[in-house]
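**Student:** sequence and predicted structure, then a few things I'm wondering about:
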Amino acid sequence: MRQLADLGLQLERTALAWRRTALSVAGAALAGARLVTVTSAPWAVGIATGGLVVAAGLSGLAGHRYAHSATILRRRATGGPIHLPGGGILTALAALQMLGGLLALAVLLA
Amino acid sequence: MSAPPPERRFPRRVYCAGVEPDPRFSLANERTFLAWLRTGLALMAAGVALHALDLPISAIPRYSASVLLVALGVVATGNGWLSWARAERALRVGRPLPGPGAGLPLVAGVIVAGLLIAVGLVLG
């Protein structure tokens, strides 16, 4: 029983971590847009929009992943097969962020 | 007892190894990865801000520091993913968790960027 309660708390912490990440992405997008506004307005709008869309997606993902994982873990209590979601989204996020960074580097070095 | 469904999660190199670990550890690993993402994002944002804002810092140290910070952000992001994959695999096969990886060079890089900014402030 205690382990299930522990798991519930860990799920909540993980969902909160996703939301924190969403907030960071939103903040960085707005800051980036603000910094780029002077040089190029279309890019600023692009960065802000793209970043906010990603942030909203992450926030939604937090809820979905939490609910999905909770269902799976509850199934575990009745002896069913369980496994938590995989690393596809994590990989995509890391790749996207690295791409953004490389783009920024390219602009800086140009 | 039917056979477990075939492993379809990505990356296969992680999930086809060993057995399902305690979910608390997997979740902790996921949170660690997200922390690395936020760290990388912050480093990149710092680099861009350093370049774009009007600051009393001499040009060359400022430019070097800003490029360095953005590069460190990219490295931190990549390191975050690699650490996640390595740790998840280690959890599954019951091996010790991997060490800090690129963590130490990253810290060194941030210190260098700080020193560059300090020098720039003095010269600027």
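**Tutor:** That came through, no problem.

**Student:** the helices in chain B, which residues?
**Tutor:** B:12-15, B:23-52, B:59-93, B:103-123 (DSSP state H).

**Student:** right, is the first one up against chain A?
**Tutor:** Looking back up the chat, that one is helix B:12-15. Yes. Using Cβ under 8 Å from any Cβ of the partner chain, helix B:12-15 comes into contact with chain A via B:14-15. Placement of C-beta: from N, CA and C, glycine included.

**Student:** make a markdown table out of the helices of chain B and add distance to A:Leu109.
**Tutor:** Formatted as a markdown table, those follow (distance: least, Cβ to Cβ, whole Å):
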| stretch | distance to A:Leu109 |
| --- | --- |
| helix B:12-15 | 33 |
| helix B:23-52 | 11 |
| helix B:59-93 | 7 |
| helix B:103-123 | 16 |
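
**Student:** excluding chain neighbours, what is closest to residue 38?
**Tutor:** Assuming you mean chain A. Excluding its sequence neighbours, the residue lying closest to A:Val38 (Cβ to Cβ, 6 or more residues apart in numbering or on different chains) is B:Ala52, at 7.6 Å.

**Student:** that's the wrong chain, I wanted chain B
**Tutor:** Among residues not flanking B:Arg38 along the chain, A:Ser24 sits closest, at 4.6 Å (Cβ to Cβ, 6+ apart).

**Student:** surely that neighbour touches B:Leu43?
**Tutor:** No. A:Ser24 lies out of contact with B:Leu43 (Cβ atoms under 8 Å); the separation is 11.7 Å.

**Student:** neighbour count: those two, which is higher?
**Tutor:** The neighbour comparison of A:Ser24 against B:Leu43 (other Cβ atoms under 10 Å in any protein chain shown) goes to B:Leu43, with 25 against 20.

**Student:** let me see the contact set for the residue lying closest to the more buried one once chain neighbours are set aside.
**Tutor:** Excluding the flanking residues, the one nearest B:Leu43 by Cβ to Cβ, 6+ apart is B:Gly73, at 3.5 Å. When contacts are counted by Cβ atoms under 8 Å, 6 or more residues apart in numbering or on different chains, B:Gly73 touches A:101, B:40-47.

**Student:** quick one on the thing from earlier: quick check: phi and psi at the residue nearest to B:Arg38.
**Tutor:** Main-chain torsions, A:Ser24, degrees, to the nearest 10: phi -60, psi -40.

**Student:** hmm, back to that, export the contacts of B:Gly73 to JSON lines and tack on distance to A:Ala41 and pLDDT?
**Tutor:** Listed next are the contacts of B:Gly73 as JSON lines, based on distance: Cβ to Cβ, whole Å; pLDDT from 0 to 100:
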{"residue": "A:Gly101", "distance to A:Ala41": "22", "pLDDT": "94"}
{"residue": "B:Gly40", "distance to A:Ala41": "27", "pLDDT": "97"}
{"residue": "B:Leu41", "distance to A:Ala41": "23", "pLDDT": "96"}
{"residue": "B:Ala42", "distance to A:Ala41": "25", "pLDDT": "96"}
{"residue": "B:Leu43", "distance to A:Ala41": "26", "pLDDT": "97"}
{"residue": "B:Met44", "distance to A:Ala41": "21", "pLDDT": "96"}
{"residue": "B:Ala45", "distance to A:Ala41": "20", "pLDDT": "94"}
{"residue": "B:Ala46", "distance to A:Ala41": "23", "pLDDT": "95"}
{"residue": "B:Gly47", "distance to A:Ala41": "22", "pLDDT": "95"}
